[in-house]
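Asks: got a predicted structure plus its sequence, pasted below:
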Amino acid sequence: MRVCYFKSTSYCETSTRPNKNLESASGYQLAPVIDQAKKYFPRLKLQIAIGGFRSSKAMIEGRCFELYPLPDDWGNNTGEINEIISSAVDYKIALVQALKDFRDGKKYKKKPELSFPGIGIDLTSKFESLFYQQTENLIHDALAHINLEQPQEDMVNLYAALKAVVIRLFDQATESYQQEPKMLKALASSRRLLHKYLNELEAQGGNHESAKKA
């Protein structure tokens, strides 16, 4: 589970979610220990230790071990558990799509006078990693303390926190370009796109299919 985390920088908890497309390179399924715990101890508070390492032929390059909890009765409420993780990933997608727009600018064949350049520099990898770093504790806390009987308030608070991180990182990524006249159109376009995604996320309760397809 942690080996995937090293490669992608995404949450280790994504390994607790099922994926039917197991033939895909990014497909995955429930880890056996999670599946067994869900089957035999669905009502117990669960603490899961996740660890692993990254190595080359000559040496171990990094180790990481973490302990994170799941709340009482988590096994009977996997929909809410999955929603916490999926929603965080969707907020990340909104940030990445906006930064791609800022990178690429716009080209209009029929009305080239409306075209404008982007920065031409890919910021997505850096700020995707920063997003995961700055939200992982939010996800751990949400998984540990969510009220599974009435999760709405906890989820709304999580969405608000994720939105704040996304806006802060977008501002950080674009700050050095905000005084460049040639970049103002690209900045305005990408900011509009970001807030469009964030508004859709709020309207859909954290789920955001359109951002994934953009």
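Replies: Great, that's in hand.
Asks: from Tyr197, how far off is the residue positioned nearest the centre of the chain?
Replies: The centre of the chain sits closest to Val89, judged by CA atoms, centre = their mean, with a distance of 2.4 Å. To Tyr197, Val89 is 13 Å away according to CB to CB, to the nearest Å. C-beta here means a position set from N, CA and C on the backbone, and glycine is covered the same way.
Asks: count the neighbours of Glu128 for me.
Replies: 19 (other CB atoms under 10 Å).
Asks: buried stuff in the helix or strand hosting it?
Replies: Per DSSP states H and E, Glu128 falls inside helix 124-145. Residues of helix 124-145 classed as buried by neighbour count (16 or more other CB atoms under 10 Å): 124, 127-128, 130-132, 134-136, 138-140, 142-143.
Asks: reformat the residues you listed as CSV; add pLDDT.
Replies: Output for these, formatted as CSV (pLDDT from 0 to 100):
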residue, pLDDT
Thr124, 94
Phe127, 96
Glu128, 94
Leu130, 94
Phe131, 95
Tyr132, 91
Gln134, 93
Thr135, 93
Glu136, 88
Leu138, 92
Ile139, 90
His140, 88
Ala142, 91
Leu143, 88
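Asks: pick out the most distant pair among those.
Replies: The most widely separated members of those, counting by CB to CB, are Thr124 and Leu143 (26.2 Å).
Asks: could you single out the nearest of the buried residues of helix 124-145 to Lys39?
Replies: Closest approach between the buried residues of helix 124-145 and Lys39, by CB to CB: Leu143, at 19.3 Å.
Asks: can I assume that closest one is in contact with Leu70?
Replies: Yes. Leu143 is in contact with Leu70 according to CB atoms under 8 Å; the separation is 5.8 Å.
Asks: where do the strands sit along the protein?
Replies: 46-55, 60-70, 105-106, 116-117 (DSSP state E).
Asks: please name the bridge partners of Tyr68.
Replies: Ile48 (DSSP bridges).
Asks: do you know the pLDDT at it?
Replies: On pLDDT, Tyr68 comes in at 72.
Asks: number of nearby residues for it?
Replies: 19.
Asks: tell me where this protein is predicted with low confidence.
Replies: Applying pLDDT under 70 to the chain flags residues 1-30, 42, 45-46, 48-57, 60-66, 206-214.
Asks: and it, what are its domains?
Replies: As recorded under automatic domain parsing, the domains making up the chain are 2-74, 77-213.
Asks: ranking those domains by burial, who's on top?
Replies: domain 77-213 (a mean of 16; mean count of other CB atoms under 10 Å).
Asks: next one: it to chain centre, how far?
Replies: Taking CA atoms, centre = their mean, to the nearest Å, the mean C-alpha location of domain 77-213 is offset from the chain mean by 9 Å.
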